[in-house]
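1. Kindly return the folded structure for what I paste below:
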Amino acid sequence: MTQISKYILFFTVIISFATLSSCKKDYLVQTPPTSLTPATALASETDLSTALLGTYSGLRSTGHLGRTFPVLGDLMADNAYQSLLNSNRYTNFNNYLYTVTDGDVNAFWTSAYSTILRCNNIINSSVAANANVNQYKGEAYAIRALCYFNLIRYYARPFTDDPNGLGVPIVTKFDITLFPARNKVSEVYTLINADLTQAFTLITQFKNSTQFSKYAARGLHAKVYLTMGDKTNAKTAALDVINSSGFTLLTAANHDAYWKSPLLRTDRVETLFEVSSDGISSNGFDALPNIYSQSGYGDLLCSDDLYNLFSASDVRRNLYTVGVRAGVRAIFVNKYPNVFGTEISDTKVLRLSDMYLIAAEASLPVNEADALKFVNLLTAARGAAPIASTGAVLFEDIIKERRKELAFEGDRYLDLQRLKRDVVRSTNYVASARLIPYSDFRRLLPIPQRELDANENIRSQQNPGWK
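-> This is a model prediction of the structure:
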């Protein structure tokens, strides 16, 4: 049985017990819990609503969006580095020494597929369609697309590298006997694009920042298109969000308050989608804020070269403070100030600012006027100097603006991947891990050993270089 299939069985049993617990004295004649299928468990609109909340909670896993995914995006790049004084979390990624048996590599894989399973059960349910059922299924399509998008970017080479290369296994239905091999990269992106098209069609309601809306799905699609190198569709999707969603850009005046607020948003300011946690439903000390906060573990610090990019007038500089840790100068990250014990909504997944950056980058090289317009709408909203460059320098300035704006949200490494750039790190990092070329096999995570052991069909499909 594959590790993915084990999660299918586990989730089915959990649904079974949850359903049986609501029965009366006739429980003795109910279907045995190990025989209860998703079709039986998800038989009503209410069942789908409850299952959808469980699906969102799956995104909160420490192994996925709850911490590991956003951490790797900065630590494996050049934004975050591990302090000499640390709790030994993510040391292998700071030093590029992770292996096929690494716990975080395995947790990312299994957490994402566990959430995909939950999405599949909602998507494939036979509950009669209505506005609410369509909404629930639309959100499940968006979540599934997000999980596959996250997996394909870490466990496979970029689409623009080789669309026919090995991607990740596609699983779209409950099948306890499934031993899935890896699909092509192009096939995974075909599924992602189809899911996001479905999501945009089916979703009609805006609830809050912690659930997918129509335009959050559209924003994710803009990001997918940009990653695929499809600048035309990336710009179209990003502008659709900017012009039609009703969301407003975060400004310099409310920038500090935005990052300090622990509450989900219903005002359509900036946050298209975020993963929600609170004092009860959270990862506790293993939540994202604690890996950065000096009131928590405080293991990860801001690199000197990133901090030096911010001018004195740039409000984003307020998110960092200079101090001392382990007896040396350190720059602390205060982007996530709400540590364990407080109400927190701590992982921003999609923001409107990113749509402006996508529109700017996707405008090049054809339309420099648009590129300047969109990127400078953002610099003006941050109190930063306007960009006035052209040509190749303008492109680099936009990428630099992405680095500043999206720092510590998990984007930097993935930008370096899609642009096929070497990771070039400062002296904040250990000498052996300051230059990681794009060609280095460690730029892809290995398929976890536990999956290889359980699934003979994927065993011969390990990423090159890993043993």
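2. how distant is the helix or strand that residue 357 is a member of from the center of its chain?
-> In this assignment (DSSP states H and E), residue 357 forms part of helix 352-363. Put simply, helix 352-363 sits 18 Å off its chain's centre (C-alpha atoms, centre = their mean, to the nearest Å).
3. And that helix, what does it pack against?
-> On a contact count with 3 or more C-beta pairs under 8 Å, 6 or more residues apart in numbering; DSSP states H and E, helix 352-363 meets helix 214-228, helix 231-244, strand 271-275, helix 368-380, helix 391-405. Bear in mind the C-beta positions are built from the backbone N, C-alpha and C, glycine included.
4. Turn those into TSV, including distance to residue 81.
-> Output for the helices and strands packed on helix 352-363, formatted as TSV (distance: least, C-beta to C-beta, whole Å):
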stretch	distance to residue 81
helix 214-228	25
helix 231-244	31
strand 271-275	24
helix 368-380	26
helix 391-405	15
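5. Let me have these in a markdown table, extended by mean neighbour count.
-> Below are those laid out as a markdown table (neighbours: other C-beta atoms under 10 Å):
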| stretch | mean neighbour count |
| --- | --- |
| helix 214-228 | 25 |
| helix 231-244 | 19 |
| strand 271-275 | 24 |
| helix 368-380 | 19 |
| helix 391-405 | 17 |
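6. tell me the mean pLDDT over the helix or strand harbouring residue 259?
-> In the assignment (DSSP H and E), residue 259 maps to helix 255-260. Averaged across helix 255-260, the pLDDT comes to 94.
7. May I see the buried residues of it?
-> Going by neighbour count (16 or more other C-beta atoms under 10 Å), the buried part of helix 255-260 is 255, 259.
8. how about low-confidence regions in the stretch 151-300 of the chain?
-> Applying pLDDT under 70 to the stretch 151-300 of the chain picks out residues 279-280.
9. and if we set it to 80?
-> Where the stretch 151-300 of the chain drops to pLDDT under 80, the residues are 277-282.
10. quick revisit: any idea which of the helices and strands packed on helix 352-363 gets closest to residue 349?
-> For the helices and strands packed on helix 352-363, the distance to residue 349 is smallest for strand 271-275, at 4.8 Å, taking C-beta to C-beta.
11. partners of the closest one, with directions?
-> strand 347-351 (antiparallel) (DSSP bridges).
12. tilt between the strand it pairs with and helix 214-228?
-> Interaxial angle of strand 347-351 relative to helix 214-228 (axes from the mean of the first three to the mean of the last three C-alpha atoms, to 10 degrees): 80 degrees.
13. Just the angle for strand 347-351 relative to helix 352-363, thanks.
-> Computed with the same axes, to 10 degrees, the direction of strand 347-351 lies at 50 degrees from that of helix 352-363.
14. In CSV, list the C-alpha atoms belonging to strand 347-351.
-> Provided in CSV are the C-alpha atoms of strand 347-351 (Å, rounded to 0.1, in the frame of the first residue of the first chain):
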residue,chain,number,x,y,z
THR,A,347,0.3,32.2,6.5
LYS,A,348,-0.4,34.6,3.7
VAL,A,349,-0.7,32.5,0.6
LEU,A,350,-2.0,35.0,-2.0
ARG,A,351,-1.9,38.7,-1.9
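15. ok, residues contacting that strand?
-> For strand 347-351, contacts defined as C-beta atoms under 8 Å, 6 or more residues apart in numbering pick out 65-66, 70, 146, 216, 219-220, 223, 250, 270-275, 277, 288, 406, 409.
16. any idea of the mean pLDDT in it?
-> Strand 347-351 comes out at a mean pLDDT of 95.
17. got the angle between that strand and helix 391-405?
-> Using the same axes, to 10 degrees: strand 347-351 against helix 391-405 is 140 degrees.
18. what angle do strand 347-351 and helix 231-244 make?
-> Between the axis of strand 347-351 and that of helix 231-244 there is an angle of 100 degrees, by the same axes, to 10 degrees.
19. tell me how far strand 347-351 is from the chain's mean position?
-> 8 Å.
20. hmm, back to that, so which of the helices and strands packed on helix 352-363 comes closest to residue 105?
-> Residue 105 lies closest to strand 271-275 among the helices and strands packed on helix 352-363, at 20.2 Å (C-beta to C-beta).
21. Centre of the chain to the closest one, how far?
-> Mean-position distance between strand 271-275 and its chain equals 10 Å (C-alpha atoms, centre = their mean).
22. and what of stretch 371-385?
-> Centroid separation for stretch 371-385 versus its chain: 25 Å, with C-alpha atoms, centre = their mean.
23. what's it in contact with?
-> Contacts to stretch 371-385, defined as C-beta under 8 Å, 6+ apart, come from residues 249-252, 255, 310-311, 313-316, 353, 356-357, 359-361, 363-364, 386-388, 394, 397-398, 401, 404-405.
24. repeat for stretch 106-116
-> So stretch 106-116 is contacted by 3-4, 7, 11, 55, 58-59, 61-64, 68-69, 72, 143-144, 147-148, 150-151, 154-155, 171, 445, 447-451 (C-beta under 8 Å, 6+ apart).
25. Next, the angle helix 368-380 makes with the helix holding residue 357.
-> Taking the same axes, to 10 degrees, one finds that helix 352-363 is oriented at 160 degrees with respect to helix 368-380.
26. now the strands for this protein?
-> In the chain, the strands defined using DSSP state E lie at 80-82, 271-275, 300-302, 320-325, 328-333, 347-351, 423-424, 435-436.
27. And those: which comes nearest residue 122?
-> Here strand 271-275 is closest among the strands of the chain (C-beta to C-beta), at 17.4 Å.
28. Need the contact partners of the closest one.
-> 56, 59-60, 65-66, 209-213, 215-216, 219-220, 241, 245, 247, 264-265, 345-352, 355.
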